[in-house]
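Visitor: here's my sequence, what's the structure:
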Amino acid sequence: MTSSTQFALETCPIALTPDTPKGAIILHAVSGSGVWGKGIASEIGAVLPAANIEYTAFCDKNKFSSDEAYPARDGVTGRALLIPPQAQDAGQGAPEVFVACLFTSYGSGFADAEKGKPPLDMQDVILAQTRQALRDLRLQLDDLVGRGGGGGNKSVGSSVKTAGLATPPVIYSPKFNSGAFHVPWEKTAALVEEAFAGWDGKCDCTGIIIVVDNSDKKITPEEHVFNLH
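Guide: Just a heads-up that it's a prediction; the model follows:
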């Protein structure tokens, strides 16, 4: 069934709290560090520590050896890791949400050769990898709702079920890439709109991506609210 509704980004403030809609998807950009240590990632990790462990395990799985600090570049960059709700997190009162990790840069900040740490990728590389990761996420979501033709990369575990996904699918996203990765949001937003064009018709439902915008609000660790800076 094809819908006449045109896909568009929406904007609203939201906190990652037990009131976050069940089955929603929390999207953010990550590197291959295996650590949700700063900004939005640290906020998500504070609320969803078991999901954080799954992300770390995915990075470790893609290393050439356990001695490597980072996974192989082609094992993570341009991919979307969709982590299903974790029972351990829900048991601690966290919302039952999916976490979509987009590997848009291999490293972050400055290189540290002694620690085997790669630097932040160049902006054009980040954008190319963002496009790939968004396409991968789109394929995975289409597969989840039974309208895809396959081709998306495997998510963590085998517990990702359509029944756990909100209907219609809703993605909450900060202005990813625009903080520590230094990419203007307008460039990333254009790629989101490109990747999800026609998403409502493909899924036989209205898929919505809501951009979290609380940049005027002071963030405190206790609030566990997305920090956009």
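Visitor: show me where this structure has strands.
Guide: 9-12, 25-30, 80-83, 98-103, 170-173, 208-212 (DSSP state E).
Visitor: got those as JSON lines, with mean pLDDT columns?
Guide: Output for the strands of the chain, formatted as JSON lines (pLDDT from 0 to 100):
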{"stretch": "strand 9-12", "mean pLDDT": "72"}
{"stretch": "strand 25-30", "mean pLDDT": "93"}
{"stretch": "strand 80-83", "mean pLDDT": "96"}
{"stretch": "strand 98-103", "mean pLDDT": "96"}
{"stretch": "strand 170-173", "mean pLDDT": "85"}
{"stretch": "strand 208-212", "mean pLDDT": "57"}
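Visitor: and those as JSON lines, adding mean neighbour count and distance to Met122?
Guide: For the C-beta atoms, the positions are set from N, CA and C on the backbone; glycine is no exception. As requested, these are exported to JSON lines (neighbours: other Cβ atoms under 10 Å; distance: least, Cβ to Cβ, whole Å):
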{"stretch": "strand 9-12", "mean neighbour count": "11", "distance to Met122": "25"}
{"stretch": "strand 25-30", "mean neighbour count": "26", "distance to Met122": "15"}
{"stretch": "strand 80-83", "mean neighbour count": "24", "distance to Met122": "21"}
{"stretch": "strand 98-103", "mean neighbour count": "26", "distance to Met122": "15"}
{"stretch": "strand 170-173", "mean neighbour count": "21", "distance to Met122": "23"}
{"stretch": "strand 208-212", "mean neighbour count": "20", "distance to Met122": "24"}
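Visitor: which one, of the ones you listed, ends up nearest to Arg73?
Guide: strand 98-103 (9.6 Å; Cβ to Cβ).
Visitor: partners of the closest one, with directions?
Guide: strand 25-30 (parallel), strand 80-83 (antiparallel) (DSSP bridges).
Visitor: how about the ones you listed in CSV, adding distance to Ser108?
Guide: Formatted as CSV, the strands paired with strand 98-103 follow (distance: least, Cβ to Cβ, whole Å):
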stretch, distance to Ser108
strand 25-30, 9
strand 80-83, 16
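Visitor: since that was my last question, I'll sign off now.
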